[in-house]
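J.: build the 3D model from these lines:
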Amino acid sequence: GVGAPRETEEAAASDEVTSEMMAQLRALGYVGGDSHAPGAPEEEGAEKPASGDGAAAEDTPVTYHRNLATYYLNRREYARAIAELEEANRREKLPKTYAMIAESLDALGRKREAMAALEEGWKEVARGMEADSILWYVQLAVETGDAARGRRFLEEHREDRKESSAILDAAEGRLAEAEGRRMEAETLYEKALRVDPTLVATARQLIGFYREEGRMEEIRPVLEAGLRKSERIDEYHNL
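T.: Got it, this is the predicted structure:
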């Protein structure tokens, strides 16, 4: 009730805006080639892309689809993000793309498909895959009731990431917890967090143990060490 009503410009769907947006994307290098505004007449003699063969889409590079996927992820439009990431992978298979696909599938509750995406990433571009995706995979396996699958994955890639001791110990701990070996799990979590206190998922598991045992104050050194390395861990601030 204060001031005049806000005016909004309804131009998002106009041909002019779409054409201008595409021109800007081309100028930035995100979209290649020339294109017409929707509904605009084509130049005489212009070659048309073959219908259904994706010829027009091939003008767009990996960065275009990855950036658009990030936009959709921020809006929690996961199905659209997956479609763009699959397009990105058709152009060039990259480790981060597989991780983003898994992230989107996990958010949709499609955990087994998320695991399959990580498996494919490790098969296609293993050298670039982040070590923490091993821990993530083990977590997904436990959540789907298939700890044995997580164990196989961990053993398959243990040698590839033997330098990432904290990740491997955390993954071992998660499997030990799933198998009912609580004391062993707690020891492995503590060992992993001494090396890398920023492993939030592992800290979360350890906090669960400490809370049940009435030892919550003992997690403070882990939280403080983690925040010294990365002050943006909101969960640690909250705790």
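
J.: least confident secondary structure element in this structure?
T.: helix 15-27 (a mean of 65; mean pLDDT, DSSP states H and E).

J.: ok, the residue most central in space within the chain to Asp146 distance?
T.: Within the chain, the residue whose C-alpha comes closest to the C-alpha centroid is Met100; the distance, by CA atoms, centre = their mean, is 3.3 Å. For Met100, the distance to Asp146 (CB to CB, to the nearest Å) stands at 23 Å. Any C-beta I mention is one placed from the backbone N, CA and C, and that applies to glycine too.

J.: what secondary structure does the residue nearest to the centre of the chain sit in?
T.: Under the three-state scheme (DSSP: H, G, I helix; E, B strand; the rest coil), Met100 adopts helix.

J.: who's in contact with the nearest residue to it once chain neighbours are set aside?
T.: Distances taken as CB to CB, 6 or more residues apart in numbering put Leu85 closest to Met100, at 5.4 Å, once the chain neighbours are dropped. Applying CB atoms under 8 Å, 6 or more residues apart in numbering, one finds that Leu85 lies in contact with 65-66, 69, 97, 100-101, 104.

J.: which of those residues sits closest to Arg228?
T.: For Arg228, the nearest member of these is Met100. The distance, counting by CB to CB, is 28.8 Å.

J.: roughly how far apart are the closest one and Val62?
T.: Met100 sits 12 Å away from Val62, going by CB to CB.

J.: what segments of the protein are helices?
T.: All helices of the chain, identified by DSSP state H, fall at 15-27, 62-74, 78-91, 95-107, 111-124, 132-143, 147-157, 165-178, 182-195, 200-213, 220-229, 234-238.

J.: now the closest residue in space to Gly226 that isn't next to it in sequence: phi and psi?
T.: On the basis of CB to CB, 6+ apart, the spatially nearest residue to Gly226 that is not a chain neighbour turns out to be Pro197, at 3.9 Å. With angles defined as degrees, to the nearest 10, Pro197 shows backbone torsions of phi -70, psi 0.

J.: how close does Pro197 get to Glu235?
T.: Here the criterion is CB to CB. By it, Pro197 lies 12 Å from Glu235.

J.: so those two - more neighbours on which side?
T.: Neighbours around Pro197 and Glu235, counted as other CB atoms under 10 Å, are more numerous at Pro197. The numbers are 23 against 13.

J.: how about that one, what does it touch?
T.: Contacts of Pro197 were listed using CB under 8 Å, 6+ apart, and they are 203, 222-223, 225-226, 229.

J.: so what pLDDT did it get?
T.: As predicted, Pro197 sits at a pLDDT of 97.

J.: distance of it relative to Lys229?
T.: 7 Å.

J.: picking up where we left off before, what do Pro197 and Glu235 both touch?
T.: Ala203.

J.: and stretch 174-186, how far out from the chain middle?
T.: Here the centre of mass of C-alpha atoms in stretch 174-186, compared against the chain's by CA atoms, centre = their mean, to the nearest Å, lies 27 Å away.

J.: so where is the protein shaky, pLDDT-wise?
T.: Along the chain, segments meeting pLDDT under 70 span 1, 7-58.

J.: Lys191 and Asp169 touch, don't they?
T.: Yes - contact between Lys191 and Asp169 holds when scored by CB atoms under 8 Å: they sit 5.0 Å apart.

J.: tell me which of those two has more neighbours.
T.: The neighbour count for Lys191 versus Asp169, taken as other CB under 10 Å, is higher for Asp169 (23 against 16).

J.: ok, the more buried one to Leu175 distance?
T.: Taking CB to CB as the measure, Asp169 falls 11 Å from Leu175.

J.: same question for Ala114.
T.: Applying CB to CB to Ala114 and Leu175 gives a distance of 18 Å.

J.: now the closest residue to Glu124 other than its chain neighbours, what are its backbone angles?
T.: Computed as CB to CB, 6+ apart, the closest residue to Glu124 that is not its neighbour in sequence is Lys93, at 4.9 Å. Comment: the main-chain dihedrals of Lys93 come out as phi -80, psi 120, following degrees, to the nearest 10.
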